[in-house]
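Q: structure, please.
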Amino acid sequence: MKRIMILLLVAAIALGAAFWLLRQHRRKAIGHGVELQAMMIDEDAPRKIEPSISLAVNEDSKATVSIGQPLWFTVRVNNAAASNELASAAAIAQRLKLMPADAPARKQLQQDYDQRSAPAAITLGDSAHPWISAVQLLFGSSPDQAQPLDFEAPLVENPGATATLRANDSTEAIFGVPATKAPVGAYTLIACLGTTGNWQGRVCSSPASLTVVAAKAPTTKADQAALEEQRARFAFLAHDPAAMEASGRALVAADRGSPTGHMYLGEASFERNNMQQALNEFLIARAVYQNRNPDQIEQPVFLNARIRESMEATNGAKP
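A: Numbering: from 1, shown residues only. Below is the predicted model:
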């Protein structure tokens with residue numbers, strides 16, 4: 001009996017470890033952004049094809065920033081409803097396979113499949129009215145009670161005037177500043193999308209949380225590095241090579257050989273179209289990353305992609 005109990009305990013621990021590893025891998029794959037998810041519902045319930053929208057603050061659902069630090073809002077829009085329709089169509093297809101050809105319900109079920117297997121696309125904006133003009137950033141957790149932001153959050157990255165959203169398509173817009181002057185306080189925010197392109201209506205995101213605290217100087221190297229990483233990330237989103245280079249050099253100075261610092265130095269050169277210098281920095285960043293993480297199974301996918309791009313741009317030059 002004692003042996004059986006031990007075996008059961010070992011099995012439970014192994015199952016728990018596997019579940020934890022799966023969650024960690026999923027979190028790393030998703031990153032810190034807010035993920036838009038398509039939710040399966042009863043395939044017999046027709047659903048309206050409308051956009052889904054999410055809001056992230058500094059790439060998370062909750063953020064705390066000090067006055068003077070970067071602050072940005074990422075608004076993502078996709079067509080999760082179309083993804084739901086395709087998932088329902090797949091479920092109906094399985095039912096059709098098992099249903100006799102002369103079944104009374106087959107004709108209606110086939111019609112449902114035909115309708116759901118080709119969900120409508122959503123077009124946002126037009127050449128004269130960019131879709132971002134229909135985006136609102138608001139204080140509050142309810143669209144009916146929300147008020148416009150009363151601090152600066154201009155457009156950082158222009159996504160283009162129009163976007164066509166099919167089942168697996170998405171688009172995003174980024175608003176923010178490199179050094180916020182927002183008043184100290186705790187805020188609940190939402191993003192809403194109004195009528196634009198062939199979309200008629202209004203949809204809003206789930207709430208995100210922002211806490212603004214008084215300005216404070218970094219007191220440790222770790223604090224300084226975290227601040228420079230935030231600055232570098234914002235500069236990357238804003239396509240600002242000078243700011244990326246400044247933060248990259250600060251990171252390398254604070255942490256000798258910092259892979260993050262060399263990555264942003266590479267991005268600065270990449271933005272300036274100096275591909276050979278970009279390649280050199282990306283290679284250093286990858287080498288340091290691998291040296292510091294010899295047992296890491298997960299590959300630096302983004303760095304590898306940048307290295308390939310830089311090599312191709314330098315006529316396939318070998319490192």
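
Q: if I look at the closest residue to Glu157 other than its chain neighbours, how far off is Pro159?
A: Of all residues not flanking Glu157 in the chain, Ile174 sits nearest, at 4.4 Å (Cβ to Cβ, 6 or more residues apart in numbering). Bear in mind the C-beta positions are built from the backbone N, C-alpha and C, glycine included. Here the distance between Ile174 and Pro159 works out to 8 Å (Cβ to Cβ, to the nearest Å).

Q: tell me which of these two has more neighbours.
A: Using other Cβ atoms under 10 Å as the criterion, Ile174 and Pro159 rank with Ile174 on top: 21 against 18.

Q: for the more buried one, phi and psi?
A: phi -120, psi 130 (degrees, to the nearest 10).

Q: with Ala163 instead?
A: Dihedral angles for Ala163 - degrees, to the nearest 10 - are phi -150, psi 130.

Q: tell me the secondary structure at Ala81.
A: On the three-state scheme (DSSP: H, G, I helix; E, B strand; the rest coil), Ala81 is labelled helix.

Q: surely it and Ser88 touch.
A: No: in this structure Ala81 lies outside contact range of Ser88 using Cβ atoms under 8 Å: 10.5 Å.

Q: neighbour count for these two, which is higher?
A: Shown here are Ala81 and Ser88; by other Cβ under 10 Å, Ser88 has more neighbours (24 against 20).

Q: ok, that one touching Pro119?
A: No: using Cβ under 8 Å, Ser88 is not in contact with Pro119, being 9.4 Å away.

Q: could you measure the residue nearest to Glu157 against Pro154, distance?
A: Distance from Ile174 to Pro154, by Cβ to Cβ: 10 Å.

Q: please apply the same query to Ser247.
A: Counting by Cβ to Cβ - Ser247 and Pro154 are separated by 20 Å.

Q: the two - which one has more neighbours?
A: Counted by other Cβ under 10 Å, Ser247 and Pro154 do not tie: Ser247 has more neighbours, with 27 against 7.

Q: residue contacts, the more buried one?
A: Shown in contact with Ser247 (Cβ atoms under 8 Å, 6 or more residues apart in numbering): 228-229, 231-232, 235, 261, 264.

Q: and the helix or strand hosting it, C-alpha only, in CSV?
A: If you go by DSSP states H and E, Ser247 is part of helix 241-254. Extracted C-alpha coordinates of helix 241-254, given in CSV (Å, rounded to 0.1, in the frame of the first residue of the first chain):
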residue,chain,number,x,y,z
PRO,A,241,17.4,54.8,-34.2
ALA,A,242,19.1,57.5,-32.1
ALA,A,243,17.2,56.7,-29.0
MET,A,244,17.7,52.9,-29.6
GLU,A,245,21.4,53.4,-29.9
ALA,A,246,21.6,55.6,-26.7
SER,A,247,19.7,53.0,-24.7
GLY,A,248,21.6,50.1,-26.2
ARG,A,249,24.9,51.7,-25.2
ALA,A,250,23.6,52.4,-21.7
LEU,A,251,22.6,48.7,-21.4
VAL,A,252,26.0,47.5,-22.5
ALA,A,253,27.7,49.9,-20.1
ALA,A,254,25.5,48.7,-17.2
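
Q: now do the buried residues in it.
A: Neighbour counts over helix 241-254 (16 or more other Cβ atoms under 10 Å) mark 241, 243-252, 254 as buried.

Q: just the strands in the stretch 151-300 of the chain please.
A: All strands of the stretch 151-300 of the chain, identified by DSSP state E, counting those that start in this stretch, fall at 155-157, 163-165, 170-177, 185-193, 203-204, 208-213.

Q: can I get those strands in JSON lines with distance to Arg106?
A: Output for the strands of the stretch 151-300 of the chain, formatted as JSON lines (distance: least, Cβ to Cβ, whole Å):
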{"stretch": "strand 155-157", "distance to Arg106": "50"}
{"stretch": "strand 163-165", "distance to Arg106": "32"}
{"stretch": "strand 170-177", "distance to Arg106": "35"}
{"stretch": "strand 185-193", "distance to Arg106": "39"}
{"stretch": "strand 203-204", "distance to Arg106": "35"}
{"stretch": "strand 208-213", "distance to Arg106": "46"}
